[in-house]
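**Student:** Kindly generate the corresponding structure for this input.
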Amino acid sequence: MAAASVTLTPITAAASSSLASDRRISVKLPEFRGLKSKPRSVSLTQSSRSLSRDPRRIGRGGRIFCEAQETAVDAVPSVNDEQWQSVVLDSEVPVLVEFWAPWCGPCRMILPIIEELSREYAGKLKCYKLNTDESPNVATRYGIRSIPTVMIFKGGEKKDAVIGAVPRSTLTSCIEKFL
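**Tutor:** Below you'll find the predicted structure:
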């Protein structure tokens, strides 16, 4: 490893006056060359060989970077002002709607719980999310002033509402009342 040379000048009470000290200390520091990882033995399949040849996926030093998939499945579908009547109010089964916004931290905290409930109650309950920034008319109609707000609809009517990032048990007890 190559070394870098740094010269330090001690600061003393005398140095703060007009008489500065000419005494200097030289220290050799190791040169930083970045982080290194140990090579791993990996058996290459045909698909990984083709990935490594793709110049968009090869980083500096020939390392392969991961890319996010564009086909992520949204467990809780979105609903908007135009779809509200047909999707929520005309539904044959009870509907849970989370009123949320992308900038809302508690909304993002509660979304995984809503996704779990959507899978757990599949066929008995439909779950949707409504972005209050993109669909303000529905949010205004139901007096949404705080998000996240979770509402249960049955037979075209609002049956219950829970405001805030609440535990799963609170949402489950709310759902069970209307199934």
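
**Student:** can you give me the strands for this protein?
**Tutor:** 3-8, 25-30, 95-100, 126-131, 149-154, 157-163 (DSSP state E).

**Student:** Please convert these to JSON lines, extending it with distance to residue 113 and mean pLDDT.
**Tutor:** The C-beta positions use only the backbone N, C-alpha and C, and glycine is treated the same way. Converted to JSON lines, the strands of the chain look like this (distance: least, Cβ to Cβ, whole Å; pLDDT from 0 to 100):
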{"stretch": "strand 3-8", "distance to residue 113": "52", "mean pLDDT": "55"}
{"stretch": "strand 25-30", "distance to residue 113": "49", "mean pLDDT": "68"}
{"stretch": "strand 95-100", "distance to residue 113": "9", "mean pLDDT": "96"}
{"stretch": "strand 126-131", "distance to residue 113": "10", "mean pLDDT": "96"}
{"stretch": "strand 149-154", "distance to residue 113": "9", "mean pLDDT": "96"}
{"stretch": "strand 157-163", "distance to residue 113": "11", "mean pLDDT": "95"}
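
**Student:** Now for the residue lying closest to residue 107 once chain neighbours are set aside: which residues touch it?
**Tutor:** Using Cβ to Cβ, 6 or more residues apart in numbering and skipping residues adjacent in sequence, the residue nearest residue 107 is residue 100, 3.8 Å away. If a contact means Cβ atoms under 8 Å, 6 or more residues apart in numbering, then residue 100 has 107, 111, 129, 130, 131, 132, 147, 148 as its contacts.

**Student:** If we use 7 Å, what do you get?
**Tutor:** Residues near residue 100 by Cβ atoms under 7 Å, 6 or more residues apart in numbering: 107, 129, 131, 132, 147, 148.

**Student:** circling back to that earlier point, pick the most deeply packed of the strands of the chain.
**Tutor:** Of all the strands of the chain, strand 95-100 has the most neighbours on average by mean count of other Cβ atoms under 10 Å, namely a mean of 24.

**Student:** ok and it relative to strand 157-163, angle-wise?
**Tutor:** 40 degrees (axes from the mean of the first three to the mean of the last three Cα atoms, to 10 degrees).

**Student:** where along this structure do the helices fall?
**Tutor:** 13-16, 46-53, 84, 105-120, 136-141, 168-176 (DSSP state H).

**Student:** so what does the last one touch, helix or strand wise?
**Tutor:** With contacts defined as 3 or more Cβ pairs under 7 Å, 6 or more residues apart in numbering; DSSP states H and E, the packing partners of helix 168-176 are helix 105-120, strand 149-154, strand 157-163.

**Student:** do that again at 6 Å, thanks
**Tutor:** Contact here means 3 or more Cβ pairs under 6 Å, 6 or more residues apart in numbering; DSSP states H and E; on that basis helix 168-176 packs against no helix or strand.
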